[in-house]
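[1] give me a model of this one.
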Amino acid sequence: MSKNETEGLVLVLDVGETMSTKINRTTTYLQSCVDIIQMIVQRKMFQSSKDEIGLTLFGCDQTDNELWDGSSDDFRHVSLVRCLSIVDWEMLDYVQNKIAVSNIRGDVLDGILVALNHFADDQNKKKTFKEKRVIVLTDFSSCSNDDFKLKEIGKNLARQSIRLDVISPFSEDDANKEEKPNSETNSNSDDHHGSKQMTIAQKEALNLLNNLCEQAEGCLFSFDETLSLLSTYQARTIKSSGTKYQMTIGEKFSLPIVSMIKCKESKPEIFRFKKVFAKDENVELKTDRARFTKDDEQRDLNDKTDTVDAFKYGSTYVPIDSDTVSLKLEVEKCFNILGFTKSENVHKHYFSGDSVNQIMPDPSSGAQVEEAFVNMVRAMFEEDVFGIVRKVFNSRSSPEMGCLIPYVTKETTCLFYLSLPFDDDLKKITLENFSIMKKFKPNDKQLSLVDDLIDSLDLSRKIDQDEEELYDPHTTFNPYIQRMFQSIALRATNPSDELPNFDEHITNTHLAKIGSRIRNNTTQNILKRLQDEFPLKELVKKAKKNEENIFEKTKIENKEEVELISMNDENLTDILESGLESNKVKKVGTVNPVGDFKILAEKIVSSNSQEAKEEFEQICMQIQEIIKDLFEESLRQANSFNDADLNDMTVFSFQEKSFNCVKIMRQYSLKLNLHSEFNSFLKTFKIYLINESLKIKMAKYVENFWQKFFIDNNLGLINNLECTDSDVSSDAAEKFLTSLNENSNNSAKDIEETKEKEEVEDLLDLM
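    The predicted model follows:
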């Protein structure tokens with residue numbers, strides 16, 4: 001910010017005896033004025049502003065100004081305690097801790113004249129300001145009504161183009177109110193303006209200063225109005241100077257442009273405070289750096305020759321040498337339009353970065369460049385296309401991709417540039433479709449309740465036509481930044497004090513207003529109805545398994561727990577997690593075969609392609625191999641147990657896993673109407689079990705496995721009642737689920753017949 005763009009502000013504060021009047025039980029007029037001055041100073045500090053502020057006190061014990069001749073009463077008890085300068089912690093500390101009420105009454109006109117004279121002196125010192133202001137803080141109890149002084153003030157305000165504002169406990173309407181009886185006044189002693197009514201002299205002073213404000217294009221503010229205006233901290237305003245590029249399309253078309261920041265995320269410059277606002281400017285700031293090794297010795301490396309630059313790749317350090325530096329991508333400053341695409345192809349969630357840039361033609365390039373640029377923007381606007389751009393800020397920066405959005409109005413024709421991510425920056429997340437799951441499908445009443453809740457929390461609505469929008473981003477500041485600035489200001493001036501509760505701070509009044517509007521009876525009633533329609537149930541956590549209970553199942557005492565545990569495999573968390581990993585699953589694995597098979601099968605169901613049958617047969621072959629491997633592993637476990645333990649299926653960890661694989665395979669075979677693959681597998685699997693049951697030790701184990709998982713769960717062949725294309729009748733499917741021992745002879749015959757058929761087919765293939 002150049003010197004002629006800064007603001008000069010002189011604060012004129014009344015510290016006379018009447019400023020000790022209390023607004024309420026704890027706050028006086030002076031304390032409210034001090035709070036206002038603190039907010040003004042803090043705003044300038046946290047904006048990193050170069051504006052200069054001076055402070056003049058009138059009604060004080062001392063006299064320190066250049067207009068007092070040393071003997072007369074004019075300009076007595078007026079002190080210029082702070083000359084125009086950039087704000088710092090010293091000024092904030094003075095305002096907060098060193099201003100007190102005196103027993104003297106000063107003259108507000110004297111204080112204004114001293115402030116105006118201070119501006120004149122600074123002009124002699126070649127200080128120039130873009131805007132000059134004088135702010136008077138008084139209760140109108142000290143005003144001489146001197147015509148000569150009033151004329152001098154009017155002349156100086158006009159000659160120096162100074163704006164005059166007045167802040168007081170009263171508003172302009174208070175001067176027009178009639179004086180109330182004492183009884184009524186005392187009954188309203190807790191009102192904001194306190195128990196004291198305005199006197200005739202105060203009303204005259206208010207009207208007098210109000211006239212001066214109108215002459216100087218100023219305003220008269222009450223404490224309430226001022227606190228609400230100053231209660232928020234704004235970020236530093238920076239005017240963008242613009243960056244020049246050559247915008248190219250192909251090899252032959254080029255236009256000189258200027259890119260200027262339209263809006264950017266505001267970030268508090270908190271780490272600059274130690275340099276800009278150091279309490280003692282004479283103390284030299286030093287940066288100490290130490291280097292240590294990561295080995296057990298932890299040696300101090302004082303010599304730079306002992307260190308080399310390196311990249312950290314995981315836990316490995318890769319030294320940087322000349323060959324590594326040569327691998328860096330060499331780029332040049334550019335702004336290349338790679339092509340155009342329909343606006344519908346650039347989704348809003350693709351926009352990245354922390355700023356929006358406005359692209360305009362370079363004003364120094366002439367009218368022809370401007371005409372070509374405007375024609376291109378209008379063509380993009382009419383065709384509803386965006387430009388895709390490769391942008392490089394300079395040779396040391398990395399390339400970035402962005403889009404150009406045409407913007408055409410009566411006043412402006414330009415392009416807006418927003419950054420876009422590369423494909424590697426995007427994380428593709430595929431979530432399960434909740435609409436196909438009956439458990440998560442809401443009814444009409446639940447949907448209506450959620451709609452009502454959204455309407456009750458809508459901050460963009462207007463209840464009345466004349467009412468402003470409930471939530472306006474332009475007037476609502478970030479509460480995090482506000483609280484941080486408040487904390488820093490209080491800690492800097494009072495390091496030993498504890499931070500107060502900011503719930504009732506003036507900065508939270510706007511947020512409190514929003515909260516009171518949405519926390520009404522209607523919203524509370526909707527929330528109560530939502531609790532009834534969407535009851536919450538506590539899920540039973542699965543017990544952690546260790547080496548002692550790894551083969552034991554958790555005991556379930558009631559039916560509700562059974563339902564909760566059965567839901568646990570399909571709860572919302574599992575569904576979301578499975579959606580995140582769905583793109584990584586390429587084949588059925590051994591860690592989670594059921595989940596992998598389900599993901600792959602769902603993809604086949606959703607694709608509905610002609611190759612669905614072949615793809616499903618492929619994943620069926622994969623899970624069949626896993627089923628066989630799991631059961632063979634269970635047989636190896638069975639060899640290590642006694643005969644008595646073989647009656648209990650729960651002692652093995654692989655049987656249920658293999659059964660769940662068979663179950664999920666049958667489920668999706670029905671869903672895809674591909675029954676033959678499953679029926680063929682289950683027949684083969686039963687024959688395999690019969691062969692294993694012929695072994696002496698395994699007979700009882702295999703029989704128990706078939707009984708517990710298949711017969712008890714009625715999981716058999718897919719019959720023609722379940723799938724019309726199936727050639728298996730319901731009677732045949734029921735007969736199939738008989739005991740292995742009862743069907744072992746028939747199964748042996750089936751094996752021989754199957755072998756004979758295979759031999760005949762082999763002979764036919766050879767012929």
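
[2] so what's Pro442 up against?
    Val450 (Cβ atoms under 8 Å, 6 or more residues apart in numbering). Quick note: C-beta positions are derived from backbone N, CA and C, even for glycine.

[3] A strand includes it, no?
    No - counting by DSSP: H, G, I helix; E, B strand; the rest coil, Pro442 is located in no strand; its state is coil.

[4] how near is it to Val450?
    8 Å (Cβ to Cβ, to the nearest Å).

[5] could you do Lys598 as well?
    Counting by Cβ to Cβ, the gap from Lys598 to Val450 is 29 Å.

[6] check Ser32 too.
    From Ser32 to Val450 the distance is 46 Å (Cβ to Cβ).

[7] more crowded one of those two?
    Ser32 (22 against 15; other Cβ atoms under 10 Å).

[8] correct me, but the more buried one touches Lys22?
    No - counting by Cβ atoms under 8 Å, Ser32 sits too far from Lys22 to count as a contact (10.2 Å).

[9] overlap in contacts, the two.
    By Cβ under 8 Å, 6+ apart, no residue touches both Ser32 and Lys22.

[10] look at Glu251 and give its secondary structure.
    Per three-state DSSP, Glu251 ends up coil.

[11] what's the local residue count around it?
    Neighbours around Glu251, by other Cβ under 10 Å: 6.

[12] contacts only, for it.
    Under the criterion of Cβ under 8 Å, 6+ apart, Glu251 has no contact partners.

[13] repeat that for the one 3 residues further on.
    If a contact means Cβ under 8 Å, 6+ apart, then Ser254 has 246-248 as its contacts.

[14] buried stuff in the host helix or strand of it?
    Per DSSP states H and E, Ser254 falls inside strand 253-264. Neighbour counts over strand 253-264 (16 or more other Cβ atoms under 10 Å) mark 255-259, 262 as buried.

[15] Gly218 and Ser397: what is the separation?
    Using Cβ to Cβ, we find Gly218 at a distance of 47 Å from Ser397.

[16] give me the more crowded residue out of these two.
    Higher neighbour count among Gly218 and Ser397: Gly218, with 21 against 11, using other Cβ under 10 Å.

[17] doesn't that one lie inside a strand?
    No - looking at Gly218 with three-state DSSP, it is coil, so not inside a strand.

[18] I figured it was touching Asp165, is that so?
    Yes - between Gly218 and Asp165 there is a contact under Cβ under 8 Å: 4.4 Å.

[19] mind listing the shared neighbours of those two?
    Common neighbours of Gly218 and Asp165 (Cβ under 8 Å, 6+ apart) are Arg133.

[20] check which residues of whatever helix or strand Gly387 lives in are buried.
    Assigned by DSSP H and E, Gly387 falls within strand 385-392. Neighbour counts over strand 385-392 (16+ other Cβ under 10 Å) mark 385-389, 391-392 as buried.

[21] of those, which is the nearest to Ser142?
    Lys391 (61.9 Å; Cβ to Cβ).

[22] show me the beta-bridge partners of the closest one.
    Judged by DSSP bridges, the bridge partners of Lys391 are Phe335, Glu400.

[23] list the contacts of it.
    Applying Cβ under 8 Å, 6+ apart, the residues near Lys391 are 245, 334-336, 399-402, 417.

[24] over to Pro406. Which of the three states is it?
    strand.
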